[in-house]
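**Student:** would you be able to build a 3D model of this:
(chains A and B)
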Amino acid sequence: MSDTVQFDTALTFSLDGERFAIPVGHVHEIIDPLPVTRAPNADPFAPGLVNVRGAIAPFVDLRRRLGMGPAVVGETSRVLVLDLVVGGEPTKVAMLADDVDEITDTADTDLEALPELGVRWPTHLIRGVARKDSSLIIVLDVDAAFSPTPTQMLRA
Amino acid sequence: MNPAAESFIQEARDILEELEGILLELEADPTNPKRIDAVFRALHTLKGSGAMFGFATLSGFTHHFENAYDRIREGKATVTPRLIQLSLASRDHLERMLDAGPDMDGATAQDPATADLVAQIEALEEVQAVKPAESAPKAERFLITFKPDAAALKNGLRPDLIIEELAGLGQMEVLTRPEEESDSREIDPAVDRPSWEVAMETAAGREAIEEVFIFATDWQLEIVQVTETPAEEAAEPAARCAENQTEMAAPTAGQPTNEARSAAKLDSVRVQSHRLDELMDQLGELVIAQARLNRIASELGDTGLASTAEEIERLVTGLRDTTLSIRMLPIEPVFGKFRRVVRDLSTELGKTVTLETRGGETEVDKNVIDSLTEPLVHIIRNSIDHGIETPEGRRAAGKPEQSELVLRARQAGGEVLISVIDDGKGLDAEAIRVRGIERGLIAPDQELSEEQLFALIFEPGFSTATTLSSVSGRGVGMDAVHRAIDDLRGTVEVKSQKGRGTEVTLRLPLTLAIIDGLLVTVGEAPFVLPLSNVEECVELPVDEETRKSGRSLLRIRDQLVPFLNLDTLFGFDRVDRSDRRVVITSVEGRRTGLVVDEVIGQYQTVIKPLSLYHRGIEGLAGSTILGDGSVALILDAAAVVRRAQGALRAVA
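**Tutor:** Numbers count the residues shown, from 1 in each chain, chains lettered A, B, ... in the order given. You can find the predicted model right below:
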């Protein structure tokens, strides 16, 4: 999987009080939360499936991977429908965000490496952090953050 | 690639497929002139049309291949096993050349494999006794006028290549060409329909000229033989085209005209398979939308709407049946491929095996056909390698040295049954048991029926062969078969009699796209169970409900059927209700009860594949959208039951 999207424009969203950024090129649409069909014996990271305008998409819970508590659907919750390439297959993936903030420009040069200490999420899922208006935006490594778990890849 | 080249590749693939069959028949009957002619014709067509569509390398290679057969036609050489071997290799090479696509910018590519095969073919010619060349056929004069249709030129057909090819037949002079001196490729085909007039002298005959135009079905073409041949001129062109005179022997009359050829082609239409897939996809959406319509109609209770919904349902069903029938193809071409597999393999292993195919006309969905080749190759390899004895072994067992492998297809209900039957030594149930215990697949004291023992050969890592061959015996083949057939929602059955032979039967659904299912809910989530695996539904007795542990058995008409709660199996929380149901499934002849919360009803649905996030979950075959817009998961009954039986065994 290669990430060819230029890191010029990104969409920021919130998870558990933190701001994350994902390249807009990966964002297909933003929709209201919708019912999730639970898949039996599924990885908690991909607990079910949703119907996005007549197409079935896997529903992923990024909080799981980032070591956060379970999501609670609230007033501001939105579902991001992402265009990803998973294991060589173009795949639409749905994920729940606590809030969708804004479209912002983060040039690659603004990226700072993560501090070694004091980070509570797995660093391999993150490309770096960008400073914006005195707050931190965590720029996700899309391929790593959304890849089906290695064990799932083996079983598939 | 332009459409004309694409259609050439299609046609060429058909020719090569046919060629393989003819070559194998020729091997069995090496003196049959009809077969020799057929090989020659196939090669000749390939050569001519290849050159015309920019496959000069392929055409050049075919020329050598064709020459070898021309010599046989002329009685200068005979069909030998070595020639057949080389021909098959050359055929495979041509296939690879087609895969590589047309030459870039008309430059002919050189690759060592081509040169090697050409050298081998030529060496063959030298070895064979060469009769003194007969006197060259007399050169004849022709006047050729042709006018390509506008569409052909637009599609990138190149008249300059045709003229080049005509030049290859003999001495040629272009009398008139459109817009003198201009490059023919620059003509705007949409504006004018140019025509060419060519005078030529050739010993190759009218047939050879017609062959040049073989792809030009819709052209205006006139070939006139000019009768008086000036004697003094005849000598020179005849000498000049000496190397080409083997192209065609005496010209024959009564060749099918262009009109007749194009008329014959109207019977069928070639459609790219992805278009069929799109059609099927849209039809799937239609089936889903129609289910929603039915639901709304029954909720509203409006008779007008209800009858319209019914009408639409009828139409959708008809459309579905027609679309499915378009995708149905006879299985014969797949069987045809195995003639080669059987031949190569039996030669390699020193066994004499004849292949008989029955029921090749049986029709199966294209997608099923595409996925069938691999598992069938594994089964056939296994039969030839492990099942069929060596000629000595067969003699010792009092059997004819020649063994017979039968491939049989037939339809039964909504399924296709494909069997591979050999008359080899059969499966050794005792050896399988020992091996199974050794591999920890079964307990030493476990009592298994013969059928259950045979099923062990499909377990990963199982192999009873004491020696490994290049062919099979590494224990990777048969479990791959099982997985492939599982993916096709089919099952595998094995019957065997020691010393008499083995019969492996694949049971496959007619189509993969649509499934008749039973809609149930488990833990408030909807699931679809394939109806083909469902025998009946019964109520779950209340006393069973309260039972805490131990093996669960249900008495159904004097038979004990084990059952399992699907919510437990799925890791879902138990829904509190007292009227739960048991769906009795039948998988590979065994009955298992699956406890669900609710049975909603029969449901016909389109299967959507799962993404990589969920594909690895055992027991799921796909997903679908229900009438109310929610997503339901389609269960793979065989996998669920396997899992359930594993769980039952663990409990017991």
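**Student:** now B:A632: how far from B:A123?
**Tutor:** As judged by C-beta to C-beta, to the nearest Å, B:A632 and B:A123 stand 65 Å apart. (Each C-beta comes from the backbone N, C-alpha and C, glycine too.)
**Student:** hang on, B:A632 packs against B:L529?
**Tutor:** No - using C-beta atoms under 8 Å, B:A632 makes no contact with B:L529, being 10.6 Å away.
**Student:** around chain B, pick out the residues from chain A.
**Tutor:** Contact residues, chain A versus chain B (C-beta under 8 Å from any C-beta of the partner chain): A:35, A:37-43, A:45-46, A:48-51, A:54, A:56-58, A:60, A:86-87, A:89, A:91, A:93, A:148, A:152-156.
**Student:** so between B:A632 and B:A123, which is more surrounded?
**Tutor:** Taking other C-beta atoms under 10 Å in any protein chain shown, B:A632 and B:A123 do not tie; B:A632 has more neighbours (26 against 12).
**Student:** show me the residues of chain A next to chain B that map onto strands.
**Tutor:** The strands, defined by DSSP state E, take in A:37-38, A:48-51, A:56-58, A:60, A:86, A:89, A:91, A:93 from the residues of chain A next to chain B.
**Student:** buried subset of the residues you listed as a PyMOL selection?
**Tutor:** In PyMOL syntax, the buried subset of these is picked out as below (16 or more other C-beta atoms under 10 Å in any protein chain shown):
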select buried, chain A and resi 37+38+48+49+50+51+56+57+58+60+86+91+93
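**Student:** which one of the ones in strands among the residues of chain A next to chain B sits closest to B:V522?
**Tutor:** Of all those, A:R38 has the smallest distance to B:V522: 9.7 Å, by C-beta to C-beta.
**Student:** for the residue nearest to the closest one when sequence neighbours are not counted, what are its contacts?
**Tutor:** Spatial nearest neighbour of A:R38, excluding adjacent residues (C-beta to C-beta, 6 or more residues apart in numbering or on different chains): A:G48 at 4.6 Å. Contacts for A:G48 (C-beta atoms under 8 Å, 6 or more residues apart in numbering or on different chains) come out as A:36-39, A:42, A:58-59, B:631.
**Student:** ok, A:G48 to B:F570 distance?
**Tutor:** Taken as C-beta to C-beta, the span from A:G48 to B:F570 is 12 Å.
**Student:** which residues does stretch B:29-42 contact?
**Tutor:** Contacts with stretch B:29-42, where a contact means C-beta under 8 Å, 6+ apart, come from B:15, B:18-19, B:22-23, B:25-26, B:66, B:69-70, B:72-73, B:78-80, B:84, B:87.
**Student:** could I have that stretch exported to PDB, CA atoms only?
**Tutor:** Once non-C-alpha atoms are left out, stretch B:29-42 reads as follows in PDB (Å, rounded to 0.1, in the frame of the first residue of the first chain):
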ATOM      1  CA  ASP B  29      -4.000 -40.600 -34.800                       C
ATOM      2  CA  PRO B  30      -0.700 -39.200 -36.400                       C
ATOM      3  CA  THR B  31      -1.500 -39.900 -40.000                       C
ATOM      4  CA  ASN B  32      -5.000 -38.400 -40.200                       C
ATOM      5  CA  PRO B  33      -4.700 -35.800 -43.000                       C
ATOM      6  CA  LYS B  34      -7.800 -33.900 -41.700                       C
ATOM      7  CA  ARG B  35      -6.100 -33.200 -38.400                       C
ATOM      8  CA  ILE B  36      -2.800 -32.200 -40.100                       C
ATOM      9  CA  ASP B  37      -4.800 -29.800 -42.200                       C
ATOM     10  CA  ALA B  38      -6.600 -28.500 -39.200                       C
ATOM     11  CA  VAL B  39      -3.300 -27.700 -37.500                       C
ATOM     12  CA  PHE B  40      -2.000 -26.100 -40.500                       C
ATOM     13  CA  ARG B  41      -5.100 -24.000 -41.000                       C
ATOM     14  CA  ALA B  42      -5.100 -22.800 -37.500                       C
END
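**Student:** what about the helices in chain A?
**Tutor:** For chain A, helices defined by DSSP state H occupy the ranges A:62-65, A:142-146, A:150-155.
**Student:** cool, the stretch 201-350 of chain B as well?
**Tutor:** Along the stretch 201-350 of chain B, the stretches classed as helices by DSSP state H, counting those that start in this stretch are B:206-212, B:231-240, B:258-265, B:273-300, B:303-326, B:332-349.
**Student:** can you redo those helices as a markdown table with distance to chain A?
**Tutor:** Shown next, in a markdown table, are these (distance: least, C-beta to the nearest C-beta, whole Å):
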| stretch | distance to chain A |
| --- | --- |
| helix B:206-212 | 44 |
| helix B:231-240 | 56 |
| helix B:258-265 | 37 |
| helix B:273-300 | 7 |
| helix B:303-326 | 17 |
| helix B:332-349 | 27 |
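**Student:** which one of these is the most hemmed in?
**Tutor:** Across the helices of the stretch 201-350 of chain B, the average number of neighbours (mean count of other C-beta atoms under 10 Å in any protein chain shown) peaks for helix B:206-212, which reaches a mean of 21.
**Student:** export it as PDB, just CAs?
**Tutor:** Listed next in PDB are the C-alpha coordinates belonging to helix B:206-212 (Å, rounded to 0.1, in the frame of the first residue of the first chain):
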ATOM      1  CA  ARG B 206      -6.100 -17.900 -54.600                       C
ATOM      2  CA  GLU B 207      -6.700 -19.400 -51.200                       C
ATOM      3  CA  ALA B 208      -3.500 -17.900 -49.800                       C
ATOM      4  CA  ILE B 209      -4.700 -14.500 -50.900                       C
ATOM      5  CA  GLU B 210      -8.100 -15.000 -49.300                       C
ATOM      6  CA  GLU B 211      -6.400 -15.900 -46.100                       C
ATOM      7  CA  VAL B 212      -4.700 -12.500 -46.000                       C
END
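**Student:** so for stretch B:164-183, mean pLDDT?
**Tutor:** Stretch B:164-183 carries an average pLDDT of 68.
**Student:** likewise for stretch A:99-114?
**Tutor:** For stretch A:99-114, mean pLDDT rounds to 75.
**Student:** and if you look at stretch B:559-578?
**Tutor:** On average, stretch B:559-578 scores 85.
**Student:** what's in contact with that stretch?
**Tutor:** Outside stretch B:559-578, the residues that reach it (C-beta under 8 Å, 6+ apart) are A:38, A:40-41, B:522-525, B:527, B:542, B:545, B:551-555, B:582, B:584, B:591-597, B:619, B:640, B:643-645, B:647-648.
**Student:** swap the cut-off to 6 Å and go again
**Tutor:** Stretch B:559-578 is contacted from outside by A:40-41, B:522-523, B:552-554, B:582, B:591, B:593-597, B:644, B:648, using C-beta atoms under 6 Å, 6 or more residues apart in numbering or on different chains.
**Student:** do the same with stretch B:479-498
**Tutor:** Residues contacting stretch B:479-498 (C-beta under 6 Å, 6+ apart): B:368, B:371, B:375, B:378, B:426-427, B:454, B:458, B:460, B:502-509, B:588.
**Student:** identify each buried residue in that stretch, please.
**Tutor:** Result for stretch B:479-498 [16+ other C-beta under 10 Å]: buried residues B:479, B:481-482, B:484-486, B:488-496.
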